[in-house]
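Novice: sequence and computational prediction follow.
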Amino acid sequence: MAEVEAEADRISLLPLDIKISILSRLSIKDAVRTSALARSWRHIWTHLPCLRLYSCQNPLDNPDIQTVHRLVSSLRGPLLDFQLFSSGPHDYQSVLQSLLDLLLQKGGVQTLGLYINDDPKVILPSFHSLRELTLSGCSVVLPTGFRGFHLLKTLDMYEVEISNDDLNLLLRTSNNLTTLSILDSRDSGNPLSVNLNLPLLRHLLFEINDVVENVSVVSSPCLENALIKLGDVDISQNLAKMLLRLVTSVAMVSSLNLDFDVLNCFSLVPLPINFTIPRLKFLSFYLDVHTLDKRAYDAFFWLLRSMPFLEELEVELETVVAYDQADSVAILMRQLLVKKHDGFVCLERTLTSVTIKMFTLDVIASVAWIQFFMLNAKGLKLLKIDFFGSDDLVPSFIEELQKAQVTSSGAKLMIFNLYTRQTTTLCMNG
């Protein structure tokens with residue numbers, strides 16, 4: 001019995017910061033319950049720097065609001081991190097606003113995450129120490145006299161309704177922003193127009209949807225990574241022009257991910273002749289290879305020519321084609337790809353790795369694209385084919401490669417089934 005009490009005493013004598021570290025690994029409900037363990041543990045939870053509320057229903061129903069307020073009010077130390085996760089179909093706009101105002105009274109937070117739905121409108125308090133802000137499923141208004149979150153480093157917005165004026169004010173006054181994500185967000189009743197002038201921005205993720213009228217990077221000299229997505233919207237000439245403006249405005253990046261049908265989109269507009277992305281090392285993009293429009297391949301060649309120092313290329317191919325067009329598509333593909341091309345600096349000097357992704361292994365498309373890179377990429381070391389589905393087509397794929405006499409002086413071909421995790425490796429030196 002004495003040994004048990006001594007053991008309990010040793011735990012009770014732990015420093016406060018270690019006790020807080022232990023409690024921070026528990027849910028807030030379990031952390032509060034530790035007050036019943038011993039006198040020395042009573043109210044330790046009130047020093048927790050982080051508060052996360054999870055619920056599949058609504059944690060902020062009016063009958064429980066006093067509990068939530070008491071929870072926040074009882075915290076003694078600075079609350080650095082407040083996260084609210086809720087998918088309940090309830091109207092809790094006033095409750096949510098009162099919680100945010102209470103957080104401001106407590107001195108504000110450094111990290112704020114609101115993951116909710118049903119678009120409750122919230123006025124963002126002026127948290128002067130805010131460094132990370134995540135908003136999802138809500139309608140946001142900036143307070144009168146808003147002067148910005150000057151310490152904000154990361155801003156993530158998903159399915160957020162915000163006016164053009166407030167969004168651009170928020171971005172304009174966040175001079176220290178380094179990471180920005182805007183997905184499926186809109187201005188109620190008005191087209192969304194965004195101009196980014198963020199001197200320290202390094203990472204950008206932006207989704208174009210049917211309400212985005214304009215988006216461009218005016219000046220972000222530190223931008224390194226850009227991911228541009230296309231939402232559920234039909235490709236048109238106006239959309240292609242906007243996407244082209246956005247792509248050409250991020251010419252300072254070293255990594256670029258274009259998550260939309262680049263070939264067929266850019267085939268709708270004239271492409272600038274002397275455009276280059278001089279620092280780009282990695283490019284990832286999606287394309288529908290089964291097109292009968294030669295301009296789509298011209299767009300692909302334009303992309304490669306604009307990236308003289310490209311080292312790694314990742315391409316996701318859409319290979320579904322109508323049966324009555326299969327022969328015509330295959331003929332055009334071979335005519336444009338299976339030959340030597342001039343004027344590609346990256347193919348001649350820097351490109352060493354190519355990954356081609358597809359849902360099912362398309363033998364004809366795979367062989368044609370492999371031939372293009374084997375014939376033209378002089379420094380290629382690895383060409384990888386990633387696909388889902390059965391391995392049954394792999395033998396016929398290898399047979400077609402042998403018939404086409406596809407070789408390379410130093411490249412290795414790796415065929416990887418993402419479903420079965422099976423890998424087939426071939427040396428392409430003949």
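Specialist: All right, it came through fine. Numbers count the residues shown, from 1 in each chain.

Novice: quick check: Asp166 vs Val215, distance?
Specialist: Using C-beta to C-beta, to the nearest Å, Asp166 is found at 16 Å from Val215. No exception for glycine: its C-beta is placed from N, CA and C like everyone else's.

Novice: what's Leu393 in contact with, if anything?
Specialist: Each residue near Leu393 by C-beta atoms under 8 Å, 6 or more residues apart in numbering is listed here: Thr360, Leu361, Val363.

Novice: quick revisit: who has more neighbours, Asp166 and Val215?
Specialist: Using other C-beta atoms under 10 Å as the criterion, Asp166 and Val215 rank with Val215 on top: 20 against 16.

Novice: ok, and the most crowded of the contacts of Leu393?
Specialist: Highest neighbour count within these: Leu361, with 22 neighbours (other C-beta under 10 Å).

Novice: ok, that one to Val212 distance?
Specialist: Distance, Leu361 to Val212, by C-beta to C-beta: 35 Å.

Novice: ok, Trp369 next?
Specialist: Separation of Trp369 from Val212 (C-beta to C-beta): 32 Å.

Novice: what of Leu99?
Specialist: Distance, Leu99 to Val212, using C-beta to C-beta: 31 Å.

Novice: so where do the strands sit in the stretch 201-350 of the chain?
Specialist: 203-208, 212-219, 225-230, 255-261, 282-288, 312-318 (DSSP state E, counting those that start in this stretch).

Novice: my guess is Asp293 meets Asn264, correct?
Specialist: Yes. Asp293 is in contact with Asn264 according to C-beta atoms under 8 Å; the separation is 7.0 Å.

Novice: out of those two, which sits in the busier spot?
Specialist: Set Asp293 next to Asn264 and count neighbours by other C-beta under 10 Å: Asn264 wins out with 18 against 13.

Novice: contacting residues for that one?
Specialist: Counting by C-beta under 8 Å, 6+ apart, Asn264 touches Ile235, Leu287, Asp288, Thr291, Asp293, Ala296.

Novice: without its sequence neighbours, what residue ends up closest to the third one?
Specialist: Spelled out, that is Asp288. Glu318 (4.2 Å; C-beta to C-beta, 6 or more residues apart in numbering).

Novice: contact partners for the one you found?
Specialist: The neighbourhood of Glu318, defined by C-beta under 8 Å, 6+ apart, consists of Asp261, Tyr286, Leu287, Asp288, Val289, His290, Met358.

Novice: residues touching the third one, list them.
Specialist: Right, the one you point to is Leu287. The neighbours of Leu287, taking C-beta under 8 Å, 6+ apart as the test, are Asp261, Val262, Leu263, Asn264, Ala296, Phe300, Val315, Glu316, Leu317, Glu318.

Novice: swap in the last one?
Specialist: Taking C-beta under 8 Å, 6+ apart as the definition of contact, the neighbours of Met358 are Glu316, Leu317, Glu318, Thr319, Ala365, Ser366, Ile385, Asp386, Phe387.

Novice: can you give me the domain boundaries for this protein?
Specialist: As recorded under automatic domain parsing, the domains making up the chain are 1-48, 50-223, 256-430.

Novice: which of these has the lowest mean pLDDT?
Specialist: Mean pLDDT values for the domains of the chain show the minimum at domain 1-48, a mean of 64.

Novice: might one say that Pro308 is in contact with Cys346?
Specialist: Yes. Counting by C-beta under 8 Å, Cys346 is a contact partner of Pro308 at 5.8 Å.

Novice: what about the closest residue to Gly343 other than its chain neighbours, neighbour count?
Specialist: Nearest non-adjacent residue to Gly343, counting by C-beta to C-beta, 6+ apart: Arg305, 6.0 Å away. Look at Arg305: counted by other C-beta under 10 Å, it has 18 neighbours.

Novice: many thanks, have a good one.
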